[in-house]
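Colleague: Next come a sequence and a model predicted from it.
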Amino acid sequence: MTIASVIVDIPASQTDRPFDYIIPPELVGIVQAGMRVVVPFGTRLLQGFVIEVKETTDMPIEQLKPIHSLFDVVPVFNEELLQLGKWLTETTLCFMVSALQAMLPAAMKAKYEKDIRLIEQHISLVHEDVRALFGDRLAIPWSDVEKTPYVRLLQKEIANGHIEVVYRVEEKGKIKTEKWVELCASDEHVTHILASLSTRAIKQKQVLERLLAARTLPLKQLLSETNSTFATVQSLMKKQLVTVKEQEVYRDPYANRSFTKTKPLALTDEQRKALHAIGQALDEDVHDVFLMYGVTGSGKTEVYMQAIDIVLKKGKEAIVLVPEISLTPQMVRRFKERFGSRVAVLHSGLSLGEKYDEWRKIQRKEVQLVVGARSAIFAPFENIGIIIIDEEHETSYKQEESPRYHARDVAIFRGRYHRCPVVLGSATPSLESFARAKKGVYKQVTLTRRMNDHALPPVEIVDMREELRAGNRSMFSRLLFEKLTERLQKGEQSVLFLNRRGYSSFVMCRDCGHVIQCPHCDISLTYHRVQQQLKCHYCGYEQRMSSHCPACQSEHIRFFGTGTQKVEEELTKLLPHARVIRMDVDTTSRKGAHERLLNEFGEGNADILLGTQMIAKGLDFPNVTLVGVLAADTMLHVPDFRAAEKTFQLLTQVSGRAGRHHLPGEVVIQTYTPEHYSIQLAADHHFEAFYEREMITRKKHGYPPFYYLTLITVSHVDPLKGVSVAEKIAAHVKKHLSPEAVVLGPVASPIARMNDRYRYQCMIKYKREANLTTALRTIVEHYQRDMARGDVTITIDLNPYMMM
Ligand code: ADP
Ligand code: ZN
Ligand code: ZN
């Protein structure tokens with residue numbers, strides 16, 4: 001008997017183990033580990049993942065059911081990815097099925113459909129109306145009838161046994177096909193026919209001639225080139241001269257873009273040294289982690305590309321992770337220009353189908369390099385030669401839902417498995433990585449000089465409190481305004497950066513100070529001017545902007561702070577001739593909008609680019625000579641121990657946008673806390689001093705990289721129950737950990753209520769705790785029932801980046 005161990009598609013504690021199924025004789029030798037199958041489970045059919053094929057089972061064989069059907073012809077997971085899945089469950093405490101699904105594109109998730117089917121021997125007994133519903137079909141989708149008045153009748157017929165319900169498991173994504181026309185007769189025969197065709201059959205003649213040249217063409221192309229219709233092709237089919245076939249086509253998001261091939265540049269000394277160090281690991285097939293610490297514009301990307309070149313020449317594959325890649329089309333372009341059709345691109349801006357197609361190019365080994373956002377780390381390559389993570393400090397590499405993995409950890413797992421180097425690049429490495437490099441755990445390579453030896457731009461800090469004292473109530477300091485005006489006169493471009501949408505544009509009553517908040521979350525609503533709406537960015541709640549204060553009825557209700565829209569308005573008022581492009585979530589929500597706006601700016605169709613986070617990264621425009629940061633403090637005051645680090649990184653990144661080419665650049669940072677070290681040191685471009693300073697704080701308060709953190713968040717609709725669960729959890733954890741571990745809380749979370757649920761958190765700080773994951777697992781199992789009912793939610797994050 002051949003048995004398959006299957007993980008079924010139900011993310012829950014009770015089903016979080018392999019179930020054994022008999023492989024039916026016709027599938028023996030075909031079913032392999034890593035394939036998706038359809039299996040009966042209870043009364044349903046479910047998708048499942050085969051993790052092992054074996055000859056024995058611990059179950060009584062008569063209790064085992066056979067596999068219903070096979071989903072894949074080739075495994076979607078290889079041995080390594082199956083191991084990686086297991087590792088993810090252990091290190092992030094997720095269910096095996098969640099780990100496996102995280103590694104596949106969303107299009108490969110299962111879709112469960114229900115059909116109803118006539119049972120042939122009972123057809124004569126079926127009610128007339130029901131038979132009419134079926135027409136001449138034997139089965140119809142339940143979704144076609146579930147909203148009709150016939151439901152009751154159908155249910156009766158099902159109970160009678162006249163019709164039955166059958167389940168269907170399908171893949172969400174569809175493979176796209178295209179019709180191709182192919183010549184199926186010999187050239188001589190076709191030439192002969194051509195000669196004998198009557199003059200009236202001119203279209204047939206044209207089509208045949210075109211096919212004689214090409215042999216095969218997409219139907220659409222053939223018809224448009226010969227200006228004919230399908231009827232022409234059909235008459236040729238009747239004469240058995242051509243055939244029409246469905247052929248798979250890829251949905252290529254970059255299809256109508258052309259890329260000019262670039263050649264490797266002659267490296268600088270520093271770049272050569274960096275490449276040499278990585279090249280050595282490549283030669284020796286050893287796993288090393290390199291921290292490539294290099295200021296923006298120091299040529300890191302060029303080094304990545306030349307290292308990849310070595311890897312591809314060895315016949316191996318490469319993974320490059322870029323943060324939120326859809327936001328940096330320039331980066332994609334550089335890789336496409338260098339490596340052409342050997343590159344697959346994976347990011348959240350692609351449609352479900354496009355992502356699916358890119359993934360399959362990787363699986364079929366049609367590409368050797370993937371450039372992508374976080375989940376591209378799971379690319380199903382089998383012979384990886386290098387993994388590169390650019391901007392390694394970016395928090396978007398951490399997934400904030402189960403499995404809560406960090407792409408850097410996954411990269412190191414895969415690097416070890418494939419015995420290949422992992423390169424982490426950044427101008428402002430995370431404290432964790434920089435500390436590891438200092439200890440020699442990672443190998444550090446350093447690029448200190450910008451290309452063409454352009455100095456980093458001088459940064460001026462403006463104290464906005466002084467501006468107010470001097471009577472300037474505008475959101476632009478006098479200095480920034482003066483420099484903006486100067487740029488306009490010279491025809492140079494400026495970038496204005498405003499921190500994170502939403503945080504600042506809340507609505508407040510000037511008379512009583514009332515701030516309008518979300519009725520479901522303890523968070524102020526954000527004002528959206530165009531729609532005149534107030535929105536909650538946590539739960540999606542929306543309401544119309546009110547004209548009166550809900551607390552005191554005063555009419556003096558205004559939105560405060562500086563959203564991008566408000567800045568844009570003020571800009572148009574103060575500098576009516578300036579052409580402004582605004583980039584924020586609102587203006588870039590449409591597909592392709594981001595790239596279009598950037599292109600416009602790049603082509604010089606605007607003087608000022610105004611935007612949020614999304615303009616901080618990777619932009620490289622030669623004509624930008626001024627960067628203004630409107631409010632540097634917004635991120636400094638969030639309740640997160642990484643607030644100073646994030647502020648430093650962001651300011652450094654934004655400053656790097658100025659003066660990247662021939663024209664020298666400058667930066668103006670506006671702030672209410674000019675004395676803060678993260679602002680001061682960012683202005684000095686002094687990462688190492690910041691590192692030293694920040695490490696002192698981390699050590700003093702027991703934060704990473706000195707301690708590990710685990711954050712447990714409990715939420716409940718009833719605050720008393722929520723706090724009681726959180727207290728029990730804290731007590732349980734304390735009991736199982738060593739005295740060196742610190743368990744803080746429970747306390748109310750910084751966002752104490754979200755979606756009408758009250759939130760409490762416990763933080764665990766520790767160095768080494770062998771029992772931690774077991775203790776945490778016990779908790780999850782203990783509360784499984786309550787969680788399944790939705791009463792309580794418990795999330796455990798073993799390496800939290802979101803402290804809210
Ligand atoms: P980083 O990734 O460190 O920000 P880039 O790789 O983007 O730096 O390099 C900055 C600029 O310098 C780019 O325009 C790039 O083409 C150019 N560049 C990089 N390396 C070289 C080199 N060796 N010679 C000439 N130009 C280079
Ligand atoms: Zn009021
Ligand atoms: Zn809300």
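Modeller: Yep, it's here. Numbering: from 1, shown residues only. Ligands and ions are numbered 1, 2, ... in the order given.

Colleague: residue ranges for the strands of the stretch 601-750 of the chain, please.
Modeller: In the stretch 601-750 of the chain, the strands defined using DSSP state E, counting those that start in this stretch lie at 608-611, 624-629, 666-671, 708-716, 742-754.

Colleague: Mind checking those for the one nearest to ligand 2?
Modeller: Closest approach to ligand 2 among the strands of the stretch 601-750 of the chain (CB to the ion): strand 742-754, 22.3 Å. The C-beta positions use only the backbone N, C-alpha and C, and glycine is treated the same way.

Colleague: Quick one: mean pLDDT over the closest one.
Modeller: Mean pLDDT, strand 742-754: 86.

Colleague: Can you check the pLDDT for the residue lying closest to Thr773 once chain neighbours are set aside?
Modeller: Leaving aside its chain neighbours, Thr773 sits nearest to Leu93 (6.5 Å; criterion: CB to CB, 6 or more residues apart in numbering). The model reports Leu93 with a pLDDT of 93.

Colleague: Leu93 touches Ile794, doesn't it?
Modeller: No: using CB atoms under 8 Å, Leu93 is not in contact with Ile794, being 10.5 Å away.

Colleague: Identify the contacts common to the two.
Modeller: Listed as contacting both Leu93 and Ile794 by CB atoms under 8 Å, 6 or more residues apart in numbering are Val780.

Colleague: which stretches of the stretch 451-600 of the chain form strands?
Modeller: Under DSSP E, counting those that start in this stretch, the stretch 451-600 of the chain gives strands at 459-463, 493-497, 507-509, 526-528, 533-535, 542-544, 557-559, 580-583.

Colleague: Could you give the number of residues near the closest residue to ligand 3 within the stretch 551-700 of the chain?
Modeller: Nearest residue of the stretch 551-700 of the chain to ligand 3: Val585, at 16.5 Å (CB to the ion). Residues lying near Val585 (other CB atoms under 10 Å) number 14.

Colleague: coming back round to it: could the strands of the stretch 601-750 of the chain be laid out in JSON lines, adding mean neighbour count and distance to ligand 2?
Modeller: Formatted as JSON lines, the strands of the stretch 601-750 of the chain follow (neighbours: other CB atoms under 10 Å; distance: least, CB to the ion, whole Å):
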{"stretch": "strand 608-611", "mean neighbour count": "25", "distance to ligand 2": "31"}
{"stretch": "strand 624-629", "mean neighbour count": "25", "distance to ligand 2": "32"}
{"stretch": "strand 666-671", "mean neighbour count": "24", "distance to ligand 2": "29"}
{"stretch": "strand 708-716", "mean neighbour count": "22", "distance to ligand 2": "31"}
{"stretch": "strand 742-754", "mean neighbour count": "17", "distance to ligand 2": "22"}
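
Colleague: With distance to ligand 3 added, can I get those strands in JSON lines?
Modeller: JSON lines is the format used below for those (distance: least, CB to the ion, whole Å):
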{"stretch": "strand 608-611", "distance to ligand 3": "25"}
{"stretch": "strand 624-629", "distance to ligand 3": "29"}
{"stretch": "strand 666-671", "distance to ligand 3": "29"}
{"stretch": "strand 708-716", "distance to ligand 3": "13"}
{"stretch": "strand 742-754", "distance to ligand 3": "7"}
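
Colleague: I'd like to know which of the ones you listed is closest to Asn78.
Modeller: When the strands of the stretch 601-750 of the chain are compared by CB to CB, strand 708-716 sits nearest Asn78, at 30.9 Å.

Colleague: packing partners for that closest one?
Modeller: helix 719-736, strand 742-754, strand 757-766, helix 772-782, strand 792-797 (3 or more CB pairs under 8 Å, 6 or more residues apart in numbering; DSSP states H and E).

Colleague: Give me the pLDDT value at the most centrally placed residue in the chain.
Modeller: For the chain, the residue whose C-alpha lies nearest the mean C-alpha position (CA atoms, centre = their mean) is Ser348; its distance is 4.9 Å. Listed pLDDT for Ser348 reads 77.

Colleague: Tell me how far it lies from ligand 3.
Modeller: Counting by CB to the ion, to the nearest Å, the gap from Ser348 to ligand 3 is 23 Å.

Colleague: Would you list the phi and psi of that residue?
Modeller: Dihedral pair for Ser348: phi -70, psi -10, per degrees, to the nearest 10.

Colleague: Also Lys114?
Modeller: When read as degrees, to the nearest 10, the backbone of Lys114 gives phi -120, psi 140.

Colleague: again with the one 3 residues further on
Modeller: Summarising the backbone geometry of Arg117 under the convention degrees, to the nearest 10, its torsions are phi -130, psi 140.

Colleague: which intervals of the stretch 251-400 of the chain have sub-threshold pLDDT?
Modeller: Judged by pLDDT under 70, the stretch 251-400 of the chain has its weakly predicted residues at 255-256, 325-328.

Colleague: same check, this time on the stretch 651-800 of the chain
Modeller: Along the stretch 651-800 of the chain, the parts satisfying pLDDT under 70 run over 659-661.

Colleague: Please enumerate the strands of the stretch 201-350 of the chain.
Modeller: All strands of the stretch 201-350 of the chain, identified by DSSP E, counting those that start in this stretch, fall at 216-218, 242-248, 289-294, 317-321, 343-346.

Colleague: Include distance to ligand 2 when you put the ones you listed into JSON lines, please.
Modeller: Converted to JSON lines, these look like this (distance: least, CB to the ion, whole Å):
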{"stretch": "strand 216-218", "distance to ligand 2": "65"}
{"stretch": "strand 242-248", "distance to ligand 2": "62"}
{"stretch": "strand 289-294", "distance to ligand 2": "52"}
{"stretch": "strand 317-321", "distance to ligand 2": "48"}
{"stretch": "strand 343-346", "distance to ligand 2": "49"}
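
Colleague: of all the ones you listed, which gets the most neighbours per residue?
Modeller: Most buried of these, by mean neighbour count (mean count of other CB atoms under 10 Å): strand 317-321, with a mean of 27.

Colleague: tell me which strands and helices that one is in contact with?
Modeller: helix 300-313, strand 369-372, strand 384-390, helix 407-418.

Colleague: The ones you listed: which one's closest to ligand 2?
Modeller: Distance to ligand 2, taken as CB to the ion, is lowest for helix 407-418 among these, at 46.6 Å.

Colleague: can you give me how far the closest one is from the chain middle?
Modeller: Using CA atoms, centre = their mean, to the nearest Å, the distance from the centre of helix 407-418 to the centre of the chain it belongs to is 18 Å.

Colleague: And the contacts of the helix or strand just after that helix?
Modeller: Next along the chain after helix 407-418, taking DSSP states H and E as the criterion, comes strand 422-426. By CB under 8 Å, 6+ apart, the surrounding residues in contact with strand 422-426 are 278, 287-294, 300, 304, 307, 386-393, 408, 411-412, 415, 433, 442.

Colleague: Show me the domain layout of the chain.
Modeller: 3-109, 112-171, 177-248, 269-447, 459-503+561-697, 510-551, 708-798 (the TED database).

Colleague: Name the stretch among these that sits most buried.
Modeller: domain 269-447 (a mean of 21).

Colleague: Any idea how far apart the tips of that one sit?
Modeller: With CA to CA, to the nearest Å applied, domain 269-447 spans 9 Å between its terminal residues.

Colleague: and that domain, is it in reach of ligand 1?
Modeller: Yes: Domain 269-447 reaches ligand 1 (CB under 6 Å from any ligand atom) through Gln271, Gly294, Thr296, Gly297, Ser298, Gly299, Lys300, Thr301, Glu302.
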